[in-house]
Structures are given as C-alpha cells and as structure tokens.
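**Q** The following block contains a protein sequence and its predicted model.
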Amino acid sequence: MPQPTKSGIPSPSGGGVPPMMGRGPGGPGPMIMNKAKPKQASATLKRLWSYLNRQRWGLITVYISTILSSVIALIGPFLIGKAIDQFIMPNKHEGFLSLCLLMIGIYVLGSLVSWVQVYVMTGVSQRTVLELRHDLFDKYQQLPLRFFDTHNTGELMSRTTNDIENVSNSLNQSVTQLLNSLIMLAGSLVIMLKLNVSLTLVSMISIPLVLLATKRITRVTRKYFKSQQQHLGELNGYIEETISGQKIVKLFRREPVVIQQFQSINRNLNRVGIKAQIVSGLVGPVMNMVNNLSFALIAAIGGWMAFNGHTSVGIIVSFLNYSKQFGRPITELANQFNLMQSAIAGAERVFEVFDLKTEYEDQSSHAAKLDTVQGHVEFQQVSFGYNPATPILKQVSFEAAPGDMIALVGPTGAGKTTIVNLLTRFYEIDEGDICIDGQSIKEMDKNSLRSKVGIVLQDAYVFSGSIRENIRFGRLDATDQEVEAAARLANADRFIIRLPEGYDTILAAEGSNISHGQRQLLTIARAILADPAILILDEATSSVDTRTEMHVQEAMKTLMKGRTSFVIAHRLSTIQDADRILFIRDGRIAEQGSHHELLEAKGYYYELYSSQFQRAI
Ligand SMILES: Nc1ncnc2c1ncn2[C@@H]1O[C@H](COP(=O)(O)OP(=O)(O)OP(=O)(O)O)[C@@H](O)[C@H]1O
C-alpha cells in the first residue's frame with residue numbers, strides 16, 4: 001500500500017535558505033491553475049447554480065416564502081394610502097380599527113414568512129457549500145502528485161476554506177434578496193403605474209443611472225475580490241510553510257526575514273483588500289444618492305400635484321412609499337450583484353481545481369485489476385522528466401525476479417527516488433515501459449497496482465490519531481490482533497507497549513510526540529499489514545540512533561522476506577547481500593551487478609564503497 005506523502009517535493013535538506021523562501025504557488029509543469037483563460041462570470045454562476053439547484057425543495061420553499069414576503073411588503077403602503085384617504089382625511093372612525101389590525105396582522109405575517117425564508121435559505125446555502133467542500137476535497141484526493149508539486153498546501157487550504165466561505169456568505173443573502181428585489185421592483189412598478197403614470201415616469205429616471213454605475217463598479221470589484229482571494233491563499237501558504245519549517249527558521253535565526261516576508265505578503269493582501277472594499281463600498285452611497293434625488297424630485301412634483309388638486313394626499317403618500325420601495329430593490333440588486341462578485345471570485349477558484357484532470361481520467365474502464373502478483377518487475381528503456389524540457393531518467397532498463405532485492409545507489413539527485421516513483425505511477429513515464437509479471441503498468445488499474453506496492457519512506461509519515469489507527473491505515477479491515485502482530489514483526493511492539501496508553505496512544509500531528517525511529521517502525525508495521533508483493537524502501541538510517549537503526553534494519557529484513565524489494569540505500573553496509581545493485585548516475589544505470597561483481601569492476605560503486613569503508617578494504 002503506498003503511503004501518503006505530504007507532497008512530492010523532496011523534503012528540505014536544511015540548507016541556508018529556509019524552505020519557504022522561494023516557493024510560492026505556481027512554478028513549472030502542466031498542472032498550474034490561474035493560467036487558464038478567465039472564465040466568464042455567467043458560466044461560473046451557472047455552475048454554482050447547478051450546485052444550488054440540488055436542494056430543489058429547499059429552493060422552492062425559499063421562492064414561495066420570498067414571493068409571499070414581497071407581496072406582503074407591497075400591500076403595506078397601499079393600506080397606508082387607503083387609511084389616509086378613506087379614514088384620516090374624511091375624519092371617519094368606523095372601520096379604521098379593523099384596517100389597523102389588518103395592517104398589524106399583515107406585517108406580523110410578513111416577519112414570520114421572512115424568518116422561514118432565512119431559515120430555509122441558510123440550510124440550502126450551507127448544504128451547497130458542504131457539497132462544494134466535499135467535491136473539492138474529493139478532487140484533491142484524485143489529482144496526480146504533479147499537482148501538489150506545484151501548489152502549496154496553505155494555498156489549497158485557502159480554496160477549501162476561505163473561498164468556499166465566501167461563496168456561502170454571498171449565496172445566503174443573494175438568492176433571496178435577488179428574487180425579493182425583482183418582485184418588489186415589478187410589483188412597485190405596476191402599482192405606481194396604477195397610482196400615477198407621470199410620477200412613475202419621473203421615478204424611472206434613476207434606472208439607467210443605477211444600471212450604468214452598477215455595471216462599472218461590479219466589473220472592478222470582481223477583479224479585486226479574486227485578487228484578494230489569491231493573496232489570501234498566498235498568505236495562508238506562507239503561514240503553513242513557516243510553521244511547518246519552524247525548526248529551520250529558528251535554527252537559522254531567520255525570524256526577522258520571515259516576519260519581513262510575511263509583512264510584505266500581508267501588505268499586498270491589505271492593499272488589494274482595501275481596494276476591493278472601497279470600490280464595493282461605493283455601491284451603497286452612489287445608489288442612495290441617486291434614489292434620494294429621485295425621491296426628492298417625486299416629493300416636489302407630487303406635492304405640487306396634490307396642492308393643485310390633480311391627485312389626493314393619500315395617493316401621494318402611497319406613491320412616495322412605493323417609490324422608496326422601487327428605489328430600494330434597485331439599490332439592493334446593485335449591492336447583490338456586487339456581493340455576488342465575491343461569490344463568483346471564490347467559486348472560480350474552486351472550479352479551477354474541478355477542471356483539472358484527475359489521475360484516473362485517462363485510465364480505461366478495462367484497466368486490469370491485479371489479483372495475485374508474483375513480483376517480476378521489468379523496466380524497459382524507461383525515460384522520464386518531471387518537466388518535459390528536462391529529462392531526468394534516460395533509457396533505464398533492468399529486471400527483478402520475484403523476491404529479489406534490488407538496491408539503488410548513487411549520488412544525490414541521480415534519479416533513484418524518481419525510478420521508484422514511476423513504479424507506483426505517481427508520475428507517468430514518457431518513453432519505454434514498466435512491466436509487472438509481464439504486463440505493462442500502463443494498462444493496470446492504478447489503485448489495484450498501488451495495492452500491490454508498499455512504500456516505506458525515509459520521511460516516515462504518520463497521521464494524528466492513535467497508533468493502532470496509524471498501523472491499520474495499511475489495511476482497514478485488519479483486526480486488533482493482526483495490527484499487533486504486524487507491530488511485533490516490525491519491532492515496534494517494544495516501544496508501543498511501554499507507552500502509557502499502548503496502542504491507543506494518540507499521536508500528535510505528524511507524529512511529533514514520538515521519535516523519528518519510532519515513526520519509521522510504525523510505517524514498517526503498516527507496510528507489513530498491507531502485505532504488498534512489491535516493496536519500496538527508502539532507507540533512513542542517518543537520523544536514528546544505533547540501537548533503533550538495528551531495530552529498523554531487522555524490521556526491514558522481515559518486511560522484505562518473500563517480496564520483490566527496491567531499496568534506496570544511503571549506506572552501503574545494508575545492501576551487500578542485495579541480488580543486484582544498480583548504480584544510478586545522472587539518470588542512467590551506470591553500473592549493475594552484485595556487491596562483489598561491482599567491487600571487482602572497480603568503477604563508481606567501488607569508489608563510493610571505498611569512500612564509506614576505507615578501512616574495510
Ligand atoms: N517532484 C519533482 N519535480 C521536479 N523535479 C523533481 C521532482 N523530484 C525530483 N526532481 C528532480 O529530479 C532529479 C532526481 O531526483 P531524485 O529525487 O530521483 O534523486 P535521488 O537520486 O533520489 O536523490 P537523493 O539521493 O538525494 O534522494 C533531481 O534533479 C530533482 O531535482
């Protein structure tokens with residue numbers, strides 16, 4: 001079972017520059033986002049709508065309650081006008097109380113319906129973002145490692161949290177308000193036309209002004225909102241890297257540099273944030289100004305008409321109320337369009353990930369599922385580069401018989417890890433072929449292939465959770481007895497039973513409460529439990545003490561028994577009895593043979609061996 005790696009990027013070696021200094025989102029490779037043509041806002045909205053529309057019944061309830069509350073709001077001013085013209089002006093008391101009670105009843109009902117609308121809409125929008133978050137996380141699990149090489153963790157987290165949160169906030173308000181505004185607009189217009197046509201025409205002067213201003217402002221706000229989200233992603237990425245690399249930051253006393261770099265990213269975010277807020281904040285005052293001007297104009301003209309007996313005071317009061325109601329939805333529509341820009345910006349960043357190809361997309365539905373694997377592995381003229389422009393492996397060919405132990409040695413950066421990365425199809429080869437038991441891995445189902453290949457990485461990765469859960473990650477249906485048996489075979493049992501909580505000890509994030517060697521033993525136990533036919537071992541002997549090293553070596557030997565194993569060896573002492581040693585140099589197999597054959601050949605291996613065991617020769 002392949003172990004999850006945090007990323008495909010080789011872990012920082014602790015050089016003079018902390019890992020977070022140069023790396024940001026983006027970089028070379030074909031899996032980069034944000035380079036695609038900017039999506040049309042309407043296409044994004046349509047996609048967002050398809051998510052929202054999955055809550056059909058909730059939405060229908062929202063529509064009905066919105067229509068009801070809007071109609072109730074439309075009836076109010078009509079009744080006020082009626083009260084003035086029929087009761088107050090003629091000084092008539094009979095029936096006035098009933099009208100007042102009717103008005104109170106209608107407003108109470110209006111509030112109740114609004115509450116239902118808010119309640120249901122909150123559920124609808126929350127479920128929508130729940131699905132969005134689920135689909136995004138699901139997508140992350142299906143993207144090839146290449147994607148994670150070029151995007152940093154914090155930035156991806158930002159998409160899952162901030163961007164989706166933005167969508168949620170906007171959806172919650174916009175859907176109901178948009179509908180409400182449209183109904184109010186249409187309703188007010190119809191009633192106003194009925195009340196007074198010329199005054200209605202005066203009210204409509206503001207519409208083109210509002211439309212023009214909204215169009216201008218929203219275009220700019222969407223750009224700034226998206227930029228704000230991008231900068232926030234960058235900021236989160238930087239925080240994540242700096243916190244993961246705290247040890248190195250402290251060791252190299254780079255706190256001031258890190259703070260300074262953070263400050264620079266923070267300022268950029270602040271700059272864009274201010275712009276986004278200022279521009280979007282313009283909408284309210286601009287709309288209010290237009291509406292107030294139009295209100296004053298109607299009041300003046302209407303007042304003049306009432307003085308001259310062209311219409312009644314009640315009608316003018318009703319009309320003024322409607323003209324306010326007519327102006328409000330226009331302002332709100334403008335505001336909602338503006339707010340929607342933030343949702344669109346967030347959704348665009350989420351959909352960008354959705355549009356990436358998963359690593360299973362090219363896989364044919366007839367891809368072979370492996371049953372039992374003997375473990376015969378053959379590399380045939382394999383060439384590969386992470387980036388097509390820089391080939392890393394060149395024409396690599398070798399063969400391993402079932403149960404063989406193949407050691408890969410050679411200088412750093414020669415391509416040893418790359419060779420094993422290809423065996424699990426973490427990356428696809430450019431040329432040549434890799435066959436397991438005579439069948440090309442290209443034709444195999446990836447999951448099935450990976451279930452036959454176990455990896456124990458140098459950078460032993462454990463999850464937060466109990467020790468038992470961590471070992472069981474190798475095979476989810478394993479019983480407690482099987483988990484413990486695997487731990488015993490891996491020599492991990494000794495340290496586990498000495499812990500106060502034993503197998504139920506909870507490991508902190510990334511296993512920081514146990515030692516590196518212990519983490520390694522756990523990952524060996526995990527691989528034993530998974531029982532793969534083929535094994536990849538990235539030897540980690542440098543960071544553990546001699547006793548632990550002995551335990552790790554012993555456990556690895558147990559693990560390798562009866563399996564085809566590929567061992568990336570850093571110390572040559574451990575691989576002398578390998579069936580074949582491949583000396584990798586500059587992406588090619590420079591030499592291959594047994595330990596003795598290679599010593600006799602007096603080539604690269606001999607040189608390396610001599611430098612490590614000068615006295616032994
Ligand atoms: N994910 C990646 N994206 C791009 N280039 C990579 C990636 N991983 C490795 N490389 C490059 O590929 C080359 C081979 O790296 P690889 O990790 O296979 O070397 P290695 O022999 O395992 O080295 P080491 O002994 O230091 O682990 C190096 O030049 C490295 O920079």
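**A** Arrived safely.

**Q** C-alpha from now on. contacts and neighbour counts both.
**A** Will do.

**Q** model confidence over stretch 435-447, on average?
**A** Mean pLDDT, computed over stretch 435-447, is 89.

**Q** Can you list the neighbours in contact with that stretch?
**A** 360, 363-364, 367-370, 373-380, 423-425, 433-434, 449 (C-alpha atoms under 8 Å, 6 or more residues apart in numbering).

**Q** quick one: which of these sit in strands?
**A** Val377, Glu378, Phe379, Gln380, Asp433, Ile434 (DSSP state E).

**Q** need the contact list for Phe398.
**A** Contacts of Phe398 (C-alpha under 8 Å, 6+ apart): Glu378, Phe379, Gln380.

**Q** What separates the first and last residues of stretch 422-442, distance-wise?
**A** 11 Å (C-alpha to C-alpha, to the nearest Å).

**Q** Next: stretch 422-433.
**A** Span of stretch 422-433 from end to end, C-alpha to C-alpha: 10 Å.

**Q** How about that stretch, which residues are buried there?
**A** Leu422, Leu423, Thr424, Arg425, Phe426, Tyr427, Glu428, Ile429, Glu431, Asp433 (16 or more other C-alpha atoms under 10 Å).

**Q** Packing partners of the helix ranked longest in the chain?
**A** Longest helix in the chain, counting residues (DSSP state H): helix 255-307. Judged by 3 or more C-alpha pairs under 8 Å, 6 or more residues apart in numbering; DSSP states H and E, helix 255-307 is in contact with helix 197-203, helix 206-244, helix 313-354.

**Q** now it against helix 313-354, angle please.
**A** Angle of helix 255-307 versus helix 313-354, following axes from the mean of the first three to the mean of the last three C-alpha atoms, to 10 degrees, is 150 degrees.

**Q** How far away from the center of its chain is helix 255-307?
**A** Distance, stretch centre to chain centre, for helix 255-307: 31 Å (C-alpha atoms, centre = their mean, to the nearest Å).

**Q** can you give me the angle that helix makes with helix 206-244?
**A** Going by the same axes, to 10 degrees, helix 255-307 makes 160 degrees with helix 206-244.

**Q** of the ones in strands among the contacts of stretch 435-447, closest to the ligand?
**A** Phe379 (15.5 Å; C-alpha to the nearest ligand atom).

**Q** what helix or strand is Gln592 on?
**A** According to DSSP states H and E, Gln592 maps onto strand 588-593.

**Q** mind checking how far His231 is from Tyr238?
**A** Applying C-alpha to C-alpha to His231 and Tyr238 gives a distance of 10 Å.

**Q** re earlier: for Gln126, which of the helices and strands packed on helix 255-307 is the nearest?
**A** With C-alpha to C-alpha as the measure, helix 313-354 is the member of these nearest Gln126 (13.7 Å).

**Q** Backbone dihedrals for Thr564, both of them.
**A** phi -80, psi 120 (degrees, to the nearest 10).

**Q** how about low-confidence regions in the protein?
**A** Applying pLDDT under 70 to the chain picks out residues 1-40, 363, 509-512, 540-546, 613-617.

**Q** Dump the buried residues of stretch 422-433 to JSON lines, plus distance to Gly465.
**A** Output for the buried residues of stretch 422-433, formatted as JSON lines (distance: C-alpha to C-alpha, whole Å):
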{"residue": "Leu422", "distance to Gly465": "30"}
{"residue": "Leu423", "distance to Gly465": "29"}
{"residue": "Thr424", "distance to Gly465": "26"}
{"residue": "Arg425", "distance to Gly465": "28"}
{"residue": "Phe426", "distance to Gly465": "26"}
{"residue": "Tyr427", "distance to Gly465": "29"}
{"residue": "Glu428", "distance to Gly465": "33"}
{"residue": "Ile429", "distance to Gly465": "36"}
{"residue": "Glu431", "distance to Gly465": "41"}
{"residue": "Asp433", "distance to Gly465": "39"}
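
**Q** In its sheet, which strands sit next to the strand holding Gln592, and in what direction?
**A** strand 580-585 (antiparallel) (DSSP bridges).

**Q** ok now the strand it pairs with, how far from the chain's centre?
**A** The answer for strand 580-585 is 39 Å, by C-alpha atoms, centre = their mean.

**Q** any residues touching it, and which ones?
**A** By C-alpha under 8 Å, 6+ apart, strand 580-585 touches 404-411, 414-416, 575, 589-595, 604-605.

**Q** Determine whether any part of it lies close to the ligand.
**A** No. Contact of strand 580-585 with the ligand (C-alpha under 6 Å from any ligand atom) is absent, the minimum separation being 7.3 Å.

**Q** Helix or strand next in line after the strand or helix carrying Glu597, which one?
**A** In this structure, Glu597 sits in helix 595-601 according to DSSP H and E. Using DSSP H and E, the next helix or strand after helix 595-601 towards the C-terminus is helix 604-612.

**Q** Just the C-alphas of that following helix, formatted as CSV.
**A** Presented in CSV, the C-alpha positions along helix 604-612 are these (Å, rounded to 0.1, in the frame of the first residue of the first chain):
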residue,chain,number,x,y,z
TYR,A,604,31.7,4.1,-9.4
TYR,A,605,30.4,1.7,-6.9
TYR,A,606,33.9,0.7,-5.9
GLU,A,607,34.7,4.3,-5.4
LEU,A,608,31.7,5.1,-3.3
TYR,A,609,32.2,1.9,-1.3
SER,A,610,35.9,2.8,-0.7
SER,A,611,34.9,6.3,0.5
GLN,A,612,32.5,4.9,3.0
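
**Q** and the angle from that helix to strand 588-593?
**A** 80 degrees.

**Q** ok so, going back, show me which of the contacts of stretch 435-447 are buried.
**A** For the contacts of stretch 435-447, buried by 16+ other C-alpha under 10 Å: 368, 370, 373-380, 423-425, 433-434, 449.

**Q** So what's the residue count around Tyr461?
**A** 20 (other C-alpha atoms under 10 Å).

**Q** Ok, Ala296 next?
**A** By other C-alpha under 10 Å, neighbour count at Ala296 equals 12.

**Q** Look up how far Gly303 lies from it.
**A** Applying C-alpha to C-alpha to Ala296 and Gly303 gives a distance of 10 Å.
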